[in-house]
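> predicted model, plus sequence, below.
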Amino acid sequence: MTNWKSNASKPVMDEGLQYHIRCKEGDVEKYVLLPGDPDRVDMIGDEWTESRKIANYREHRTFSGKVGEVGITACSTGAGGGSTASAFEELAALGGDTFLRVGTTAAIQEHIDPGDIIISSGAVRHDGTSQFYVDDRYPASAHYEATSALVEAAERLGYTYHVGVSCSTASWYCGQGRTGLNGYEQSFFKDKVQDLNKAGVMNFEMEAATIFTLAGLYGLRAGSVCTVVANRIRDEFSYGGVEKSIRVANLAVQILAEWDQLKKERKKDYWFPSMTENTTVKG
């Protein structure tokens, strides 16, 4: 490994490489997809018009390219808030400003089936990271444009989808109300699934709250789309269909790019539905 020196408060490697993701200026596009699993970056890139590998370090695998005519980046975050925050910080420092989480999830509402899509409008902040950025009463909210574009994409693709609040956890086992080794449990998480179900929370996942909170604090856009692989209420697990959330996210980026161009042409800061009566991007 090359030796290098930097200050400790904001370490930057030789040639301006960011410490965790090993990307530099010019590597990252405005629109960024954030899968947890590094292997999903390859799956995402396979759907693009052009793709190239930028970096592969620790849990962070990064590709950039084009989907249609739109510049796009995908960077894996690993599981959980800590590594997600590191990737988000560095991707944003290099110019990313629209972030869509792409992944898998477990539903905690009985009517949601494995293979369905969940689009998160917000997230319960049990992620173990966002509270170190801001008071835990600060909301973890998706940006309305990102959510709207994901809904539009799911509609065009004909997928069954649900929109609502997710719960982001710092632990896949006890943090999601599962027992630990040898049946270990505590009273405070024993009823977590049932309590969140009664509150109307849609699903468990591990990164959205971190992404939404940081995006809100930094004035950026974020959304999340996940394929359901389990239903905890019905105790069903059926792994597959992650390509659905990938296709929704890739199409949503093209839709957002079109909306952004319309906002620029009309000198508007915000998208609104009647702005796009004659859209051109098709599913």
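Alright, I've got the coordinates.

> mind listing what's buried along the helix ranked longest in the chain?
In the chain, with assignment by DSSP state H, the single longest helix is helix 242-266. Across helix 242-266, burial judged by 16 or more other C-beta atoms under 10 Å covers 242, 244-260, 263. In this view, the C-beta of every residue, glycine as well, is placed from N, C-alpha and C.

> cool, and stretch 193-208?
Result for stretch 193-208 [16+ other C-beta under 10 Å]: buried residues V193, L196, N197, V201, M202, N203, F204, E205, M206, E207, A208.

> helix, strand, or coil at the closest residue to W259 other than its chain neighbours?
If the residues on either side of it in the chain are set aside, W259 comes closest to W271, at 4.5 Å by C-beta to C-beta, 6 or more residues apart in numbering. Following DSSP: H, G, I helix; E, B strand; the rest coil, we place W271 in the coil state.

> W271 contacts Q261, correct?
No: taking C-beta atoms under 8 Å as the definition, W271 is not a contact partner of Q261, at 10.6 Å.

> could you pull out the strands for the stretch 51-200 of the chain?
Using DSSP state E, counting those that start in this stretch, the strands assigned to the stretch 51-200 of the chain run over residues 60-67, 70-75, 98-107, 117-126, 140-141, 161-169.

> now these in a markdown table, with distance to E236?
Output for the strands of the stretch 51-200 of the chain, formatted as a markdown table (distance: least, C-beta to C-beta, whole Å):
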| stretch | distance to E236 |
| --- | --- |
| strand 60-67 | 30 |
| strand 70-75 | 29 |
| strand 98-107 | 9 |
| strand 117-126 | 15 |
| strand 140-141 | 27 |
| strand 161-169 | 16 |
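
> mean pLDDT, distance to S83 and mean neighbour count added to the ones you listed, as TSV?
Below are these laid out as TSV (pLDDT from 0 to 100; distance: least, C-beta to C-beta, whole Å; neighbours: other C-beta atoms under 10 Å):
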stretch	mean pLDDT	distance to S83	mean neighbour count
strand 60-67	97	8	22
strand 70-75	98	11	26
strand 98-107	97	13	27
strand 117-126	98	17	24
strand 140-141	98	17	22
strand 161-169	98	13	23
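
> pull the number of nearby residues for the residue nearest to T213 when sequence neighbours are not counted.
Distances taken as C-beta to C-beta, 6+ apart place S130 nearest to T213, at 3.8 Å, with adjacent residues excluded. Counted with other C-beta atoms under 10 Å, residues neighbouring S130 total 25.

> and the closest residue to M275 other than its chain neighbours, what does it touch?
With C-beta to C-beta, 6+ apart as the criterion, M275 has its nearest non-adjacent residue at 5.4 Å, and that residue is L262. By C-beta atoms under 8 Å, 6 or more residues apart in numbering, the contact set of L262 is K268, W271, M275, T276.

> where's L262 relative to I255, distance?
The gap separating L262 from I255 is 11 Å, by C-beta to C-beta, to the nearest Å.

> report how many residues lie close to the residue nearest to W259.
Neighbours around W271, by other C-beta under 10 Å: 19.

> show me what contacts it?
E145, S148, W259, D260, L262, K263.

> redo those residues as CSV? Include distance to S238 and pLDDT.
Converted to CSV, those look like this (distance: C-beta to C-beta, whole Å; pLDDT from 0 to 100):
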residue, distance to S238, pLDDT
E145, 32, 98
S148, 29, 98
W259, 34, 96
D260, 37, 97
L262, 39, 95
K263, 40, 95
